[in-house]
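[1] Provided below are the primary sequence and the corresponding predicted coordinates.
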Amino acid sequence: MSQRLGLMRQFSIRLRMQGAIAMVLALFALVGVTGLLGGKTLASLNHEFMEHSIKEVQNLGDVNVALGRVRVHEKAMIIDYQDGLSVLKHREAWLAEIKLVTGSLNSLMEGEEDEDNPPARTAIKDLESYVKATQVVLEKMQNGESNATE
């Protein structure tokens, strides 16, 4: 014990105070660096999350808009069923919109596997089967048959 006291007495009060100040400044610097590194990591994670989320919301909006256009072309084909040329034009536009829907659904599946990929795959398969099922009806409409929907 007396040896420790002797060792402490070797340092002047001024040196002890400077050591304490240096220790406090070093601890503040450590806290600051930790906060800075944590903030940068959080900012990069936040940026990545927002970029991915915003892109997926935009892709989902594109799917919705393209499906709306698909329905408009279907209605136009039904309205113009007596005019084969108009039906052909609407059918071509309809197929173009179907391709846009498929492309937007594929863009939803970009990146790593997440929870929206299985529904997008299912939607693509359902859309393909819908297109195949409507081909007969569209052929009849295009050829001017009045009982196309039967």
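    Okay, I see it.

[2] Can you list the low-confidence ranges for the chain?
    1-9, 145-150 (pLDDT under 70).

[3] Tell me how far the residue nearest the centre of it lies from Asp114.
    The centroid of the chain falls nearest to Glu56 when counting by Cα atoms, centre = their mean (2.4 Å). Spatial separation of Glu56 from Asp114 under the definition Cβ to Cβ, to the nearest Å is 9 Å. All C-beta atoms are positioned from the backbone trio N, CA, C, and that covers glycine.

[4] Just checking the distance from whatever helix or strand Trp94 lives in to the centre of its chain.
    Element membership for Trp94, per DSSP states H and E: helix 84-108. Relative to the chain's own centre, helix 84-108 is displaced by 23 Å; criterion: Cα atoms, centre = their mean, to the nearest Å.

[5] Which element is encountered next along the chain beyond it?
    Using DSSP H and E, the helix or strand that follows helix 84-108 in sequence is helix 117-142.

[6] helices or strands next to that following helix in the packing?
    helix 13-79, helix 84-108 (3 or more Cβ pairs under 8 Å, 6 or more residues apart in numbering; DSSP states H and E).
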